[in-house]
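[1] Kindly generate the corresponding structure for this input.
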Amino acid sequence: MRFEERQILLKNGALCTLRPTTSEYAQEMIDYMRQTAAETPFLLRNPDEVRFTLEKERELLDYIYGDEHSVMMLALVDGKVAGNSSINGMGEKRRVWHRCSLAIALTKEYWGLGIGTAMIGYLAELAKQIGYEQMELEVVDGNDRAKALYEKCGFVETGRHINAMKYDDGTYRDEILMYKSLRE
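    Okay, here's the model as predicted:
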């Protein structure tokens, strides 16, 4: 989805630009995915599982940019990718048209500066414009920093997927399901 860029002032005094993630950032996105996967155990993939080709990443970003029901947002600080977030509909059936899922990740260097709060707030505005009535997400149990952010942004815990994440060392973590109403 196309949307207006927005600038925010970070807690450290730097300016951050929230903008659509377009195909011109395909290589930066691949690098960002590898970096964030290496910085935290709370994302879905490991760094070696980022196997996107530049061509496929460009195609995906072009598709999302043109899709009226999806948003992918890039956070840039001094021209550097600090984070990425997205909302996507929950399916093609009318009974779930009112729901969207939220995903977000920031590089560790930019944690705690207000980017996540700003991205989630802007995505909630855009989701309402699209016609979504609620946002949903999953957060890995133990990711207390992210869970606190989501709660600050109005999300509430609604349940769990038990043993949803299995790590290479054989350990498991639950996913906590969270929900935010957009009807207010």
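
[2] M119 against M72, yeah?
    No: if you go by C-beta atoms under 8 Å, M119 and M72 don't touch, sitting 10.9 Å apart. In short, each C-beta sits where N, CA and C put it, glycine included.

[3] Pull up the overlap in contacts between these two.
    Common neighbours of M119 and M72, using C-beta atoms under 8 Å, 6 or more residues apart in numbering, are S85.

[4] Under a three-state scheme, what state does the spatially most central residue of the chain occupy?
    Centroid-nearest residue in the chain: I104, 2.0 Å away (criterion: C-alpha atoms, centre = their mean). Using DSSP: H, G, I helix; E, B strand; the rest coil, the structure places I104 in strand.

[5] got the buried residues for the lengthiest helix in the chain?
    Taking DSSP state H as the criterion, the chain has its longest helix at helix 115-130. Residues of helix 115-130 classed as buried: I115, G116, A118, M119, I120, Y122, L123, A124, L126, A127, I130 (neighbour count, 16 or more other C-beta atoms under 10 Å).

[6] neighbours of the closest residue to the residue nearest to the centre of the chain other than its chain neighbours, just the number please.
    Closest residue to I104 apart from its sequence neighbours, by C-beta to C-beta, 6 or more residues apart in numbering: S85 at 3.8 Å. By other C-beta atoms under 10 Å, 23 other residues sit near S85.

[7] packing partners for the helix or strand S85 falls within?
    Element membership of S85, judged by DSSP states H and E, is strand 80-89. Contact analysis of strand 80-89 by 3 or more C-beta pairs under 8 Å, 6 or more residues apart in numbering; DSSP states H and E lists helix 26-39, strand 71-77, strand 99-106, helix 115-130 as its packing neighbours.
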